[in-house]
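In: Give me the fold of what follows.
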Amino acid sequence: MSDLEGQTANAAQIDYWNRTAGQTWVQHQDQLDRQIEPLGLEGIKVLNPSVGERVLDVGCGCGQTSLKLAEYVGPTGAVTGVDISAPMLEVARARPLRICAAR
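Out: Modelled structure (predicted):
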């Protein structure tokens, strides 16, 4: 599949998450974060990240799980969150980062 074909195939999803769904998620971010938090925590439990590790959070949304992961990997680790939704990434970038010492 060429890059152009991939862009065309994903155009509806890109539009959806940058308009309708992304804006709605941003508007209700606190409530949605509370609802999905148990899933993120379960994923982190299975992943069992350690201090100093590098983690890629694909589909990071508004950044809740990425920020939690950052607590686990600490200042010597790194977490990179990626998402298709620009409005949700804007919220993620604005959230305060609290990095804890080793767990």
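In: following the least confident helix or strand in the chain by mean pLDDT, which helix or strand comes up?
Out: One helix or strand of the chain scores below all others by mean pLDDT, DSSP states H and E: helix 3-18, with a mean of 79. Where DSSP states H and E defines the elements, the next helix or strand beyond helix 3-18 is helix 20-27.
In: Enumerate the positions of the helix or strand that that following helix is followed by that are buried.
Out: With elements assigned by DSSP H and E, the helix or strand that comes after helix 20-27 is helix 29-47. Residues of helix 29-47 classed as buried by neighbour count (16 or more other CB atoms under 10 Å): 29, 32-33, 40, 44. In short, each C-beta sits where N, CA and C put it, glycine included.
In: Check what contacts stretch 79-90 and list those residues.
Out: Residues outside stretch 79-90 that contact it (CB atoms under 8 Å, 6 or more residues apart in numbering): 10, 13-14, 17-18, 21-23, 25-26, 54-63, 65-67, 69-70, 73, 92.
In: Can you select the buried ones among those for me in ChimeraX?
Out: Here is the ChimeraX command that selects the buried residues among these (16+ other CB under 10 Å):
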select :17,18,21,22,25,26,55,57,60,61,62,63,65,66,67,69,70,73,92
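In: one step back: same list, the buried residues of helix 29-47, but as TSV with pLDDT and distance to Val82 please.
Out: Shown next, in TSV, are the buried residues of helix 29-47 (pLDDT from 0 to 100; distance: CB to CB, whole Å):
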residue	pLDDT	distance to Val82
Gln29	94	18
Leu32	94	19
Asp33	93	18
Gly40	94	15
Ile44	97	17
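In: Now distance to Gly77 too, for those residues, in TSV please.
Out: Formatted as TSV, the buried residues of helix 29-47 follow (distance: CB to CB, whole Å):
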residue	distance to Gly77
Gln29	25
Leu32	26
Asp33	22
Gly40	17
Ile44	13
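In: Now the two most distant members of those.
Out: Gln29 and Ile44 (19.3 Å; CB to CB).
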